[in-house]
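> can't give you the sequence, but here's the structure:
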């Protein structure tokens with residue numbers, strides 16, 4: 001008997017481990033003064049660009065560990081994932097039976113709130129960078145202005161709306177605007 005292989009009705013793209021790289025980033029908020037929230041951006045001096053801290057995930061490292069490590073390395077500031085209420089298609093931790101694959105709101109989540117899929121250019125073929133974004137807040141006792149990040153970056157905290165305008169790239173602005181809507 002000859003069997004036939006079905007094709008998924010959904011558009012699908014697959015990448016081998018040689019074709020993708022995972023990065024994780026954290027939007028680091030200073031929430032110590034609720035009426036004057038600020039967010040940390042990094043200035044990449046070599047290209048005069050304002051960005052959000054992010055970087056590649058190491059083998060064996062969890063995504064949220066990567067996001068916090070990269071934030072610490074690039075900004076110098078120690079932070080923790082900040083729980084927010086957000087919609088997600090993921091089922092709850094205590095899923096009972098089959099749940100429909102639809103977005104629902106959950107409180108106190110520290111899951112990624114956004115993912116970016118970035119094509120890596122023609123010279124790299126079909127390669128892609130996957131960037132998982134998290135919301136973080138400064139650890140208790142951390143003082144803004146007291147730390148320095150990696151040598152090529154200058155970390156600076158800005159009021160929320162000013163930070164959105166300061167970013168060099170529209171994609172980063174979209175990420176920050178979503179983070180502000182969840183954390184503010």
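On my side now, so go ahead. Just so you know, these numbers come straight off a predicted model, no measurement behind them.
> mind listing the helices for the protein?
Under the criterion DSSP state H, the chain contains helices at 63-75, 160-166, 170-183.
> Going by neighbour count, list what's buried in the shortest one.
By that I understand helix 160-166. Of all the residues in helix 160-166, those buried under the rule 16 or more other CB atoms under 10 Å are 160, 163, 164, 166. In this view, the C-beta of every residue, glycine as well, is placed from N, C-alpha and C.
> And the residue positioned nearest the centre of the chain, how far from residue 184?
Against the mean C-alpha coordinate of the chain, by CA atoms, centre = their mean, the closest residue is residue 133 at 1.3 Å. Note on residue 133: its distance to residue 184, by CB to CB, to the nearest Å, is 16 Å.
> next one: residue 75
20 Å.
> Which of these two has more residues huddled nearby?
Per other CB atoms under 10 Å, whichever of residue 75 and residue 184 has more neighbours is residue 75, with 27 against 12.
> quick one on the thing from earlier: pretty sure the residue nearest to the centre of the chain is touching residue 182, no?
No - with contact defined as CB atoms under 8 Å, residue 133 does not count as touching residue 182 (10.5 Å).
> Now the common contact residues for the two.
Common contacts of residue 133 and residue 182 (CB atoms under 8 Å, 6 or more residues apart in numbering): residue 113.
> Skip the chain neighbours and tell me the closest residue to residue 20.
residue 128 (5.0 Å; CB to CB, 6 or more residues apart in numbering).
> about what we covered before: same list, the buried residues of helix 160-166, but as a markdown table with pLDDT please.
Output for those, formatted as a markdown table (pLDDT from 0 to 100):
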| residue | pLDDT |
| --- | --- |
| 160 | 97 |
| 163 | 98 |
| 164 | 98 |
| 166 | 98 |
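> Out of the residues you listed, which comes closest to residue 118?
Proximity of the buried residues of helix 160-166 to residue 118 (CB to CB) peaks at residue 164, which lies at 19.9 Å.
> where's the closest one relative to residue 178, distance?
For residue 164, the distance to residue 178 - CB to CB - is 11 Å.
> before we move on, what about residue 84?
11 Å.
> And residue 115, by the same measure?
11 Å.
> So which of the two has more stuff around it?
residue 178 (16 against 12).
> and the residue lying closest to the more buried one once chain neighbours are set aside, what does it touch?
Among residues not flanking residue 178 along the chain, residue 114 sits closest, at 5.6 Å (CB to CB, 6+ apart). If you count contacts by CB under 8 Å, 6+ apart, residue 114 has them with 133, 175, 178, 179.
> which stretches of this structure aren't confidently modelled?
1-3, 122-124 (pLDDT under 70).
> If we use 80, what do you get?
1-5, 95-97, 121-125, 145-149, 184 (pLDDT under 80).
> ok, back up a step: any shared contact partners between residue 84 and residue 178?
Contacts common to residue 84 and residue 178, judged by CB under 8 Å, 6+ apart, are residue 113.
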